[in-house]
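**Student:** need coordinates for the below:
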Amino acid sequence: MLNIKSTLLLSVIALTACGGGGGGGGGDSEPPVTTSPVQTDDNTSTTPALPTTPATSYASGGKLDGYTYTTPDGREYVMRGGGVFVSGVRNEILVRADNTRVTSTSWCCGSMSYTTFGTWTNYDTDKHEVFYTGEATATASVPTQGSASYTGTALRGTERGDASFNVDFASKTISGTLTPVEADNFGSEVAMQGKISNGGFSGDAQSGGEKGTFIGHFMGPAAEELAGVAQFTDTSKNTAFGATKQ
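**Tutor:** Take a look at the predicted model:
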């Protein structure tokens, strides 16, 4: 017998009204969208080829339709909407009767106005998928002068880390780090260096001596937020992230 455990690392707040500041009402009020289950080969563990143009939303495994994520094994999660506002990290963990984990789906953060990102893990095959989605910034609305810092959250499996980015809009460059929160099970830090193009960004990533890639997009009307993923051949290092302009 399989059971589902649902946990929140921070809090869940029931919404009683829509609207208000920050532009978040649009994302949380989006009606649920039903998608068909997606089947993938759990025996593969190579890094998927990233889009040549930064994608407004992206999933290395499974499928995104707005704020609805369908996992590789066909389970569907509506990450925003339905009258519930998740301000922390939501973990949905499928366990056996002996409490061993089968799969987990985690996503974050309702406290961001335009962005949702997360992970899916199969513990039997040690396969780790990552995804992000949101209200993407139009290319013409991304600043072309000045610089900014963004801070937020990283997710690796069900473990949370800190995300920090420096963006130079004039030179179209971005650098960032994803770091463990204290002494937890997040694993090695992720360091990233990349270029901005077409409303998003992409470049090289490194974690624990392994080279990988990262991709993401600015979110919100004027790049108030950003979201993305870092991917590696060793998928246990795959990490999703989101951050807010400071």
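
**Student:** what residue lies at the spatial centre of the protein?
**Tutor:** Phe117 (2.3 Å; C-alpha atoms, centre = their mean).

**Student:** each with direction, which strands does whichever helix or strand that one is part of pair with?
**Tutor:** Element membership for Phe117, per DSSP states H and E: strand 115-122. If you go by DSSP bridges, strand 115-122 pairs up with strand 101-108 (antiparallel), strand 127-134 (antiparallel).

**Student:** send me the last one as PDB with only the CA atoms.
**Tutor:** The reference is to strand 127-134. What follows is strand 127-134, C-alpha atoms only, in PDB (Å, rounded to 0.1, in the frame of the first residue of the first chain):
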ATOM      1  CA  LYS A 127      16.000  10.200 -10.900                       C
ATOM      2  CA  HIS A 128      15.600  13.900 -10.100                       C
ATOM      3  CA  GLU A 129      13.600  16.300 -12.300                       C
ATOM      4  CA  VAL A 130      13.300  20.100 -12.000                       C
ATOM      5  CA  PHE A 131      10.900  22.700 -13.400                       C
ATOM      6  CA  TYR A 132       9.800  26.400 -13.300                       C
ATOM      7  CA  THR A 133       6.900  28.400 -14.500                       C
ATOM      8  CA  GLY A 134       5.200  31.800 -14.100                       C
END
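
**Student:** chain center to the strand holding Phe117: distance?
**Tutor:** From the chain centre to the centre of strand 115-122 is a distance of 5 Å (C-alpha atoms, centre = their mean, to the nearest Å).

**Student:** before we move on, back to that, wait, the residue nearest to the centre of the chain sits on Arg160?
**Tutor:** No. Phe117 lies out of contact with Arg160 (C-beta atoms under 8 Å); the separation is 11.8 Å. For glycine as for every other residue, the C-beta is placed from the backbone atoms N, C-alpha and C.

**Student:** are there residues contacting both of the two? Which ones?
**Tutor:** Counting by C-beta atoms under 8 Å, 6 or more residues apart in numbering, the common neighbours of Phe117 and Arg160 are Cys108.

**Student:** chain center to stretch 166-177, what's the gap?
**Tutor:** Centroid displacement of stretch 166-177 relative to its chain, using C-alpha atoms, centre = their mean, is 19 Å.

**Student:** with just CA atoms, put that stretch into CSV.
**Tutor:** Taking C-alpha atoms only, stretch 166-177 is exported to CSV below (Å, rounded to 0.1, in the frame of the first residue of the first chain):
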residue,chain,number,x,y,z
ASN,A,166,23.7,39.5,-9.4
VAL,A,167,22.4,40.8,-12.7
ASP,A,168,24.1,43.4,-14.9
PHE,A,169,21.4,44.4,-17.4
ALA,A,170,23.7,46.7,-19.3
SER,A,171,26.3,44.0,-20.1
LYS,A,172,23.6,41.3,-20.2
THR,A,173,25.3,39.0,-17.7
ILE,A,174,24.1,37.1,-14.7
SER,A,175,25.9,35.2,-11.9
GLY,A,176,24.4,33.3,-9.0
THR,A,177,24.9,30.8,-6.2
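
**Student:** which outside residues touch it?
**Tutor:** 142-150, 163-165, 189-197, 201, 203, 226, 241, 243.

**Student:** may I see the buried residues of it?
**Tutor:** Val167, Phe169, Thr173, Ile174, Gly176, Thr177 (16 or more other C-beta atoms under 10 Å).

**Student:** beta partners of the fifth one?
**Tutor:** Here Gly176 shows beta-bridge partners Phe165, Met192, assigned using DSSP bridges.
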